[in-house]
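Novice: my questions concern the predicted model and sequence given below.
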Amino acid sequence: MSLSSVVIVGAGQAGFQVAASLRQGGFSGHISLINNEPGLPYQRPPLSKAYLLGKIATSNLAFRPEAFFDQQQIELLQDDAITIDRQNRHVVLASGKSLQYDHLVLATGAHNRPLSVPGDDLQGVFGIKTLADADALAPRVKDARNVVVIGSGFIGLEFAAVAAALGASVHVVDLGDRPMARAVSSDMAAVFRQTHESWGVQFHFHQGVTRLIGENGQITAIETTDGKVLPAELLVYGIGVIPNITIANEAGLAIENGIKVDANLLTSDPHISAIGDVACFPCIQNEGEHTRIESVPNAMEQARTLASRLLGNAKPFDAVPWFWTDQGNLKLQIAGLSTGYDSTVRLGSEATQQFSVLCFRKGQLVAVESCNRPGDHLAGKKILSRPPELTSAEASAPGFDLKIWELAHRP
């Protein structure tokens, strides 16, 4: 397939990476990268932690300096894609400009699920998704004494750790029964809960929010579903995201928990691919079920796989999913998907906060969760990427070492 023009909608990690990988692979055609945020494309993970603490400057968030886009002849457009004309292969932008494409890449990402409770329009209520969100939040978190976090996923707990480190009284409210319930095993969640509590964070599980209470337009408290009133001059929510599918849906592309793609990341239109947080793909690690994964590594690997296909080297996307979160002095790295796990094996020492949880399903390894043990994480990724499979019986043997096992079983 000979291409002369590629249009990429979305300049987050996935969109930027596919543009960069195309040029790195020798693509000489025209590349348009559509960015619906001001400024240069930037990395988002530091926004909820290091950036709020002032440990990283705005200029250091950018993937590449402005000169990179000129040197690589990547047309960076500050605009928004509104309509796809599939028949004529054009994308119409908010500015009225129309871009012709031989191949279109949808890397539109996702947006925060809204809080949607009475009082959600009060001052002092924030989600964290964009640089603008973090810039508005940063000066407030430094002075806030009473902070409430809605949602105990990665974003919520990263922010809770920051607020606690800055001396605030922090309450975390969540409908689930433990921290990071959708992402990690109960074993790992228990340790993170205990550590957050040692920092002064108070958890309220099996609780929702009925309303936000304010005075003169500013939040002062929240009321939980059990009637408890928690003081809050600052509230941050992280209750999941919704994939940005509007443009794809209106163009008639197949939708299933995002934009549905095949193993080659192609949509139902052979001239359009989707990658990153918006793409729902057949995941080998989830028994082939269509799965949407929200992670920077997933976005980057999908972008590289897509660029390789557009350059003539097609292969199914089969990268092992992996994730990370930094919360205070805890660095959690996860390889694989623990969905449906039925047993675990622990390695290392929880007392020293250097340990791993190996998750098994039907006796076979499906995920490795490592807290402050990067060696186990790297070994876990390699083990999960190829046969033979590690069994729970082997991992339970006295003196078992994941890194040594991986080394001994390399092909």
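Specialist: Nice, thanks for sending it over.

Novice: hey, let's count contacts and neighbours off CA atoms from now on
Specialist: Noted.

Novice: any stretches of the stretch 51-200 of the chain with poor pLDDT?
Specialist: Residue ranges of the stretch 51-200 of the chain with pLDDT under 70: none are present.

Novice: for it, what spans make up the helices?
Specialist: Applying DSSP state H, counting those that start in this stretch to the stretch 51-200 of the chain gives helices spanning 66-71, 131-143, 154-165, 186-198.

Novice: so which bits of the second one are buried?
Specialist: So the one you mean is helix 131-143. By neighbour count with 16 or more other CA atoms under 10 Å, helix 131-143 contains the buried residues 131, 134, 137-138, 141.

Novice: show me the contact partners of whichever helix in the chain runs longest.
Specialist: Ordering each helix of the chain by length in residues (DSSP state H) puts helix 296-310 first. Contact with helix 296-310 is made by 1, 3, 13-15, 17-19, 21-22, 25, 264-265, 273, 275-277, 314-317, 319, 321-323, as judged by CA atoms under 8 Å, 6 or more residues apart in numbering.

Novice: for the residue nearest to L175 when sequence neighbours are not counted, helix, strand, or coil?
Specialist: What sits nearest to L175 in space, not counting adjacent residues and going by CA to CA, 6 or more residues apart in numbering, is H206, at 4.3 Å. Classification of H206 by DSSP: H, G, I helix; E, B strand; the rest coil places it in coil.

Novice: are any of the contacts of helix 296-310 buried, and which?
Specialist: Neighbour counting by 16+ other CA under 10 Å classes 13-15, 17-19, 21-22, 264-265, 273, 275-277, 317, 319, 321-323 among these as buried.

Novice: list the ones among the residues you listed that fall in helices.
Specialist: Per DSSP H, helices hold the following members of those: 13-15, 17-19, 21-22.

Novice: what would those residues look like in CSV with distance to L330?
Specialist: Below are these laid out as CSV (distance: CA to CA, whole Å):
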residue, distance to L330
Q13, 24
A14, 27
G15, 30
Q17, 28
V18, 31
A19, 33
S21, 32
L22, 36
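
Novice: quick check, nearest of these to G227?
Specialist: The closest of these to G227 turns out to be Q13 (CA to CA; 41.3 Å).

Novice: can you show me the helices along the stretch 201-350 of the chain?
Specialist: Using DSSP H, counting those that start in this stretch, the helices of the stretch 201-350 of the chain run over 246-250, 296-310.

Novice: follow-up on the earlier one: out of the helices of the stretch 51-200 of the chain, which one sits most buried?
Specialist: Most buried of the helices of the stretch 51-200 of the chain by mean neighbour count (mean count of other CA atoms under 10 Å) is helix 154-165; its value is a mean of 24.

Novice: now find how far off-centre it is within its chain.
Specialist: From the chain centre to the centre of helix 154-165 is a distance of 16 Å (CA atoms, centre = their mean, to the nearest Å).

Novice: report the angle between that helix and helix 186-198.
Specialist: Interaxial angle of helix 154-165 relative to helix 186-198 (axes from the mean of the first three to the mean of the last three CA atoms, to 10 degrees): 30 degrees.

Novice: put the alpha carbons of helix 154-165 into CSV.
Specialist: Extracted in CSV, the C-alpha atoms of helix 154-165 (Å, rounded to 0.1, in the frame of the first residue of the first chain):
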residue,chain,number,x,y,z
PHE,A,154,-4.5,5.8,40.0
ILE,A,155,-5.2,9.5,39.4
GLY,A,156,-7.2,9.9,42.6
LEU,A,157,-4.5,8.2,44.8
GLU,A,158,-1.6,10.0,43.1
PHE,A,159,-3.3,13.3,43.9
ALA,A,160,-4.2,12.1,47.4
ALA,A,161,-0.5,11.3,48.0
VAL,A,162,0.5,14.8,46.8
ALA,A,163,-2.1,16.6,49.0
ALA,A,164,-1.1,14.6,52.1
ALA,A,165,2.6,15.3,51.5
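
Novice: in the longest helix of the chain, what counts as buried?
Specialist: For helix 296-310, by 16+ other CA under 10 Å, it's 296-310.

Novice: one step back: quick one: the helices of the stretch 51-200 of the chain as TSV, columns for distance to D121 too.
Specialist: Listed next are the helices of the stretch 51-200 of the chain as TSV, based on distance: least, CA to CA, whole Å:
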stretch	distance to D121
helix 66-71	36
helix 131-143	15
helix 154-165	19
helix 186-198	29
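
Novice: surely I82 touches V92?
Specialist: Yes: at 5.7 Å, I82 counts as touching V92 under the criterion of CA atoms under 8 Å.
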